[in-house]
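K.L.:
Show me the folded form of this:
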Amino acid sequence: MNEAPPLPLRMQQKNYTRQRLLQVSRELFASQGMAATGIDEIARAAGTSRATVYTHFAGKQEIIRELLGEMWERCHDLCRSFDALPDCAAPSVHGWLQQVFASWDNYAESTKALLREMQGGVSDSDWQRHFEDQAEALMHTRTKWMHFTPDEAHRRAFLLLVQLHRTLSSWYYGGWSTDRDALLHTLTDIWCATLKPRGT
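P.N.:
You can find the predicted model right below:
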């Protein structure tokens, strides 16, 4: 199989600068909030110019949209990684939930800023659409859900994800002080029980 040729150096530099601007924006939004962060500050923190920022983004709102897109993509990738698990036994599910928590460890503060930004800009139907998409990714190959009807499988996947999102929000942002390991074990029990066929 032929490998794709490497990107030209100029394109590599352009991609690097864009990713650097996103990373700096994420850090600034997390540390001081979006309202207090302007384009000049982003440029300064990235070691570049205001003009360079505008070469890559039309403005701060486009940066926010890009970061939101990355956030949803991470959620989608995590759901696909669940689908790729070898089975839905407790050790596999527990390991996957640990990955989910590790991802939130890395992005919790910037995600908090993004979620705050979204409060007035995302409708309930938008939230539902994202959870619907993630539910489809969670059961992409259907191998762990074959003992349910398609509707029942989707309903269970959707409810598990909504519950997980609410749990993570409460634990990271709501001041819920329950033990993390105990929480992971409880979530594992809930997921495994929900994935079992009725009557087993």
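K.L.:
all contacts plus neighbour counts: C-alpha atoms, from now on.
P.N.:
Fine.
K.L.:
I'd like the next helix or strand past the worst-scoring helix or strand of the chain on mean pLDDT.
P.N.:
Counting by mean pLDDT, DSSP states H and E, the chain has its least confident helix or strand at helix 9-32, which shows a mean of 85. Next along the chain after helix 9-32, taking DSSP states H and E as the criterion, comes helix 39-46.
K.L.:
Next SSE downstream of the lengthiest helix in the chain?
P.N.:
Counting residues, the longest helix found in the chain (DSSP state H) is helix 90-118. Downstream of helix 90-118, the first helix or strand assigned by DSSP H and E is helix 124-138.
K.L.:
What residues of that following helix count as buried?
P.N.:
Residues of helix 124-138 classed as buried under the neighbour-count rule (16 or more other CA atoms under 10 Å) are 131-138.
K.L.:
quick one: contacts for Asp83?
P.N.:
Asp83 makes contact with 137-142, 144, according to CA atoms under 8 Å, 6 or more residues apart in numbering.
K.L.:
Domain ranges for this protein, per the record?
P.N.:
1-57, 68-195 (automatic domain parsing).
K.L.:
By mean pLDDT, show me the worst of those.
P.N.:
Ranked by mean pLDDT, these bottom out at domain 1-57, with a mean of 84.
K.L.:
Trp145 touches Arg156, doesn't it?
P.N.:
No - contact criterion CA atoms under 8 Å: Trp145 and Arg156 do not qualify, at 9.4 Å.
K.L.:
Now for the two: what residues contact both?
P.N.:
Jointly contacting Trp145 and Arg156 under the rule CA under 8 Å, 6+ apart are Leu195.
K.L.:
Who has more neighbours out of those two?
P.N.:
Trp145 (22 against 16; other CA atoms under 10 Å).
K.L.:
that older thread, closest one of the buried residues of helix 124-138 to Thr186?
P.N.:
Thr186 has its nearest neighbour among those in Leu138, at 19.6 Å by CA to CA.
K.L.:
How is the closest residue to the closest one other than its chain neighbours classified with respect to secondary structure?
P.N.:
Of all residues not flanking Leu138 in the chain, Cys79 sits nearest, at 4.4 Å (CA to CA, 6 or more residues apart in numbering). What DSSP: H, G, I helix; E, B strand; the rest coil gives for Cys79 is helix.
K.L.:
ok, Cys79 - contacts?
P.N.:
134-135, 137-138.
K.L.:
quick one: the host helix or strand of Cys75 to helix 124-138, angle?
P.N.:
Assessed by DSSP H and E, Cys75 sits inside helix 60-83. With axes from the mean of the first three to the mean of the last three CA atoms, to 10 degrees applied, the angle from helix 60-83 to helix 124-138 works out at 40 degrees.
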